[in-house]
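J.: Attaching a predicted model along with its sequence, questions to come.
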Amino acid sequence: MVYRVKQFFKSITAKTTEDEEMWVKKVLNGQQQKLFFSLPIYEQRHSIDVAKSIMKKAGQLNKDEYNLLIKAALLHDIGKVNTGLNPITKSIAVIYDCFNSRKKIPSKPKFLQAYYLHPDLGVEFLQRDGDANKTLLFLISNHHQPIDKVSNELLKLLIECDEEN
Ligand SMILES: [Fe+2]
């Protein structure tokens, strides 16, 4: 509960810097940038923080793996774009989740569906662009899997860094 309250206040005070925006523009292609900058600012902050955690732990990765994982960090929550998920509706979704089974995901309201299905929605958004890397889509699609059930090392690192932020 204390974690959730902290997370709520963190989200309503979140900011990104101009340098960070410029860096994101170097990492992502045009369509991906459009999606990224359509995220609410606190989601942009979260995604940049996940990327920064990956930078700190990237010791074992080769250059391609590193670049892909940084992209995945920036794009992992892209499925939340235009879904009405915000700090208030997310709090409602967290409460809903406490009392309902994940097997019955409601189709409405949109924010509740996005709370559960944003990994798949994110993949759909990127596929519309036509040039998303298969591993990138795999990482985004699976970033909410329980970490103890994951064997892919890149996915494990993404989940670990997502959970830290
Ligand atoms: Fe997510």
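T.: That came through, no problem.
J.: Helix, strand or coil: sort out F9 for me.
T.: Assigned with DSSP: H, G, I helix; E, B strand; the rest coil, F9 falls in the helix class.
J.: Burial check on Q60, number of neighbours?
T.: The burial metric for Q60, expressed as a neighbour count using other CB atoms under 10 Å, is 9. For glycine as for every other residue, the C-beta is placed from the backbone atoms N, C-alpha and C.
J.: how deep is the nearest residue in space to it that is not next to it in sequence tucked in, by neighbour count?
T.: Take Q60 and drop its neighbours on the chain: the residue closest to it by CB to CB, 6 or more residues apart in numbering is E153, 7.9 Å away. Other residues near E153 come to 12 when the count uses other CB under 10 Å.
J.: from what I can see L39 touches H76, true?
T.: No: taking CB atoms under 8 Å as the contact criterion, L39 and H76 are not neighbours in contact, 10.7 Å apart.
J.: Ramachandran angles for the residue nearest to Q60?
T.: Torsion angles at E153 (phi, psi; degrees, to the nearest 10) stand at phi -70, psi -40.
J.: Could you check how far it is from V94?
T.: 29 Å (CB to CB, to the nearest Å).
J.: give the contact list for V24.
T.: Listed by CB atoms under 8 Å, 6 or more residues apart in numbering, the contact set of V24 reads 33, 36-37, 44, 48, 74.
J.: Please state the offset of the strand or helix carrying G122 from the chain centre?
T.: Of the helices and strands defined by DSSP states H and E, G122 is found in helix 110-129. If you compare the mean C-alpha spot of helix 110-129 with that of the full chain, they lie 10 Å apart, counting by CA atoms, centre = their mean, to the nearest Å.
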